[in-house]
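In: Show me the folded form of this:
(2 chains)
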Amino acid sequence: KQEVTQIPAALSVPEGENLVLNCSFTDSAIYNLQWFRQDPGKGLTSLLLIQSSQREQTSGRLNASLDKSSGRSTLYIAASQPGDSATYLCAVRRADRGSTLGRLYFGRGTQLTVWP
Amino acid sequence: DAGVTQSPTHLIKTRGQQVTLRCSPKSGHDTVSWYQQALGQGPQFIFQYYEEEERQRGNFPDRFSGHQFPNYSSELNVNALLLGDSALYLCASSPDRGRYEQYFGPGTRLTVT
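Out: Numbers count the residues shown, from 1 in each chain, chains lettered A, B, ... in the order given. Now for the predicted structure:
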């Protein structure tokens, strides 16, 4: 069974700091990995998608890396801002052999607070 | 282009009642998945629909059922509601049998009293 763990559970930093959020998964047979942002009581916003054959993806101040063999992914946030405050979720999609793909296994998330 | 939409936004039900939640996928997406997110937890997969059939199912009882319509929209039905069913219910859509990036709707907050 695929299990996803995110460390730390919560993080509080001053504005301007560079951050690293960690995600680990137990089954390395994944199809891809997706990082999401969730604001309180809201839905999920996709930030980055990394295919299993890729090592990293970048979008603006965000950079996500993937080491499939060791079951780890890292989300790097550069020059953090108060608007980055949210919960960040990591999810993996297993390489199922069914007729459809798409089932995501989520971690519990890292709750990030960036204060001015 | 509208993204994934869900209705209603909030819902309050009593134990034992039944509820239906609705989801319209993003334009061009044919696969719809439903997730339950309890407070402080990550989303848990309920089931996935493609070509109007349930293709994958998570560890949820038969009280949870669904449907996908020819226009790819979907419904989630929960019977005999329990207090523990209180959660944010999220719908996600993706193209090509779920192969690519999933897009989530804003969710329906269900409270069971």
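In: C-alpha from now on. contacts and neighbour counts both.
Out: Will do.
In: Run through the residues of chain B sitting next to chain A.
Out: Listed as neighbours of chain A in chain B under the rule C-alpha under 8 Å from any C-alpha of the partner chain: B:33, B:40-45, B:48, B:50, B:55-56, B:88, B:90, B:94, B:97-107.
In: Can you select the buried ones from these in PyMOL?
Out: To isolate in PyMOL the members of the residues of chain B next to chain A that are buried, counting by 16 or more other C-alpha atoms under 10 Å in any protein chain shown, one can use:
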select buried, chain B and resi 33+42+43+44+45+48+50+55+56+88+90+94+97+98+99+100+101+102+103+104+105+106+107
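In: taking the residues of chain B next to chain A one by one, which sit in strands?
Out: Within the residues of chain B next to chain A, residues falling in strands by DSSP state E are B:33, B:44, B:45, B:48, B:50, B:55, B:56, B:88, B:90, B:94, B:103, B:104.
In: any idea which helix or strand of chain B has the worst average confidence?
Out: strand B:53-57 (a mean of 90; mean pLDDT, DSSP states H and E).
In: quick one: average confidence on stretch A:53-62?
Out: For stretch A:53-62, the mean per-residue pLDDT is 96.
In: CA-only coordinates of it in PDB, if you can.
Out: Output of stretch A:53-62 as PDB, limited to C-alpha atoms (Å, rounded to 0.1, in the frame of the first residue of the first chain):
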ATOM      1  CA  SER A  53      11.100  10.000 -15.800                       C
ATOM      2  CA  GLN A  54      11.900  13.600 -14.700                       C
ATOM      3  CA  ARG A  55      14.200  14.900 -12.000                       C
ATOM      4  CA  GLU A  56      12.700  18.300 -11.400                       C
ATOM      5  CA  GLN A  57      10.200  20.900 -12.500                       C
ATOM      6  CA  THR A  58      10.200  24.700 -12.000                       C
ATOM      7  CA  SER A  59       7.500  27.300 -11.900                       C
ATOM      8  CA  GLY A  60       8.400  30.900 -10.900                       C
ATOM      9  CA  ARG A  61       9.800  30.800  -7.300                       C
ATOM     10  CA  LEU A  62       8.900  27.100  -7.000                       C
END
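In: related to what we said a few turns ago, okay if I get the ones in strands among the residues of chain B next to chain A as a markdown table plus distance to residue A:54?
Out: Below are these laid out as a markdown table (distance: C-alpha to C-alpha, whole Å):
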| residue | distance to residue A:54 |
| --- | --- |
| B:33 | 25 |
| B:44 | 26 |
| B:45 | 25 |
| B:48 | 26 |
| B:50 | 27 |
| B:55 | 27 |
| B:56 | 26 |
| B:88 | 32 |
| B:90 | 28 |
| B:94 | 20 |
| B:103 | 21 |
| B:104 | 23 |
